[in-house]
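**Q** Here is a sequence with its predicted model. Questions after.
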Amino acid sequence: MPYPSLPSKNPIQKRQLSRSLLFISLVYLIIVVQFLSTAHAVEAYPSRPIRLVVGFAAGGPTDVIARVIAKEMSETLAQPVVVDNKAGASSMIATREVRNSPADGYTLLFSSLGMNVNPILLGEAAGYNPKTDFTPISNAANLPLVAVTAYNSPFQSMQDLLTLAKSKPEAVSFASSGSGGSGHLAAELLATLIKQKMLHIPYKGNGPALLEVMSGRVDFMFYPIIGIADNVAAKRVNILAVGTAKRLPQFPDKPTMSEIGFPGFEETAPWVGMLAPAKTAPAIVDKLYSAMNKALAKPEVRTQLAKLGAVVVADTPAEFQAFLKRDYERWENVIKAAAVKADLN
């Protein structure tokens, strides 16, 4: 940088001006070097393995979907995308870890509904802010819920159940895998929509909850679609309605929640998607989205996810961000209206 000629003033003023100009030049040089270094890092991304942190144990639906996508993305990005399970605390351990990681694209989060729900229930104790601490990449898929009763239940349609539910508070009971879970919140949303309270009976897991519904001791529940077909075929449960935008091919005679008067209910389905720490460079986000979208477009991937009951979404970062905002607001309203409390046991 050329220096301007120094005015004819006293030596002290000349030295001070020289130092100021030198300092400005050094700062300018540092900024240029940092910019070029960052630009090169983004251009070269990824140059080493990427860690995809999952807040659930290996073998579960979120983990399985993450591994299917990671394998395909590894081929596109020419670097391994390695799934790292950090189960515990309703996925908050994994979420906090990614929140505190560098925004360089090498530590990512594969998350689900709890990412929004935990801070609503726990406030600052959740240890992260879902609105500001992450950069959405894409919502991979959702796992629809289906409303089920015992096979020999007196409720042979959702209208049968709702007629009784509207008659008086807690006339109808519903099971869930625990307070604040997807099935619990979906039923509480239904209760707010019909403006009547239903009796919540929480269990430690979907399995025990479904057994109580099968026995008839609890009226119904919203159950993840995964594995439900076997129970339908064995005449253990009856499906009242499906939480999808369109009827499911495997249950073509079962109406959607929208068909029976609850439009948009499909958005209650637990989602699974990929996020990066806040302030991750847009160019890196674009590369990750492109690789993820390419993976989800492959027929073999869609077949694998369909076997799990998952419905591919594959939205853009902007669309995912808009969805997460709606998701947060929806559950915030439901949790407040139903006075849902966190289950800390």
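**A** Happy to help now that I have it. Remember, it's a predicted structure, so these values are computed and weren't measured experimentally.
**Q** just for the stretch 101-250 of the chain, where's the confidence low?
**A** Along the stretch 101-250 of the chain, no part satisfies pLDDT under 70.
**Q** Let me see the ranges of the strands in it.
**A** Taking DSSP state E, counting those that start in this stretch as the test, the strands found in the stretch 101-250 of the chain are 107-112, 134-142, 145-150, 173-176, 199-202, 220-224, 237-242.
**Q** Output those strands as JSON lines; include the columns distance to K166 and mean neighbour count.
**A** (C-beta placed from N, C-alpha, C; glycine too.) Formatted as JSON lines, these follow (distance: least, Cβ to Cβ, whole Å; neighbours: other Cβ atoms under 10 Å):
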{"stretch": "strand 107-112", "distance to K166": "32", "mean neighbour count": "25"}
{"stretch": "strand 134-142", "distance to K166": "28", "mean neighbour count": "25"}
{"stretch": "strand 145-150", "distance to K166": "16", "mean neighbour count": "24"}
{"stretch": "strand 173-176", "distance to K166": "14", "mean neighbour count": "24"}
{"stretch": "strand 199-202", "distance to K166": "14", "mean neighbour count": "18"}
{"stretch": "strand 220-224", "distance to K166": "15", "mean neighbour count": "27"}
{"stretch": "strand 237-242", "distance to K166": "15", "mean neighbour count": "23"}
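**Q** closest one to Q321 among those strands?
**A** Relative to Q321, the nearest member of the strands of the stretch 101-250 of the chain by Cβ to Cβ is strand 134-142, separated by 4.6 Å.
**Q** The closest one: how far from the chain's middle?
**A** Strand 134-142 sits 7 Å away from the centroid of its parent chain (Cα atoms, centre = their mean, to the nearest Å).
**Q** mind listing what it pairs with, with the direction of each?
**A** For strand 134-142, the paired strands and their directions (DSSP bridges) are strand 271-277 (antiparallel), strand 311-312 (antiparallel).
**Q** so which of those comes closest to Y45?
**A** Of all the strands paired with strand 134-142, strand 271-277 sits nearest to Y45, with 11.5 Å by Cβ to Cβ.
**Q** tell me which residues in the helix or strand following the closest one are buried?
**A** The helix or strand immediately downstream of strand 271-277 is helix 282-297, counting by DSSP states H and E. Using 16 or more other Cβ atoms under 10 Å as the test for burial, helix 282-297 gives I284, V285, K287, L288, Y289, A291, M292, N293, K294, A295, L296.
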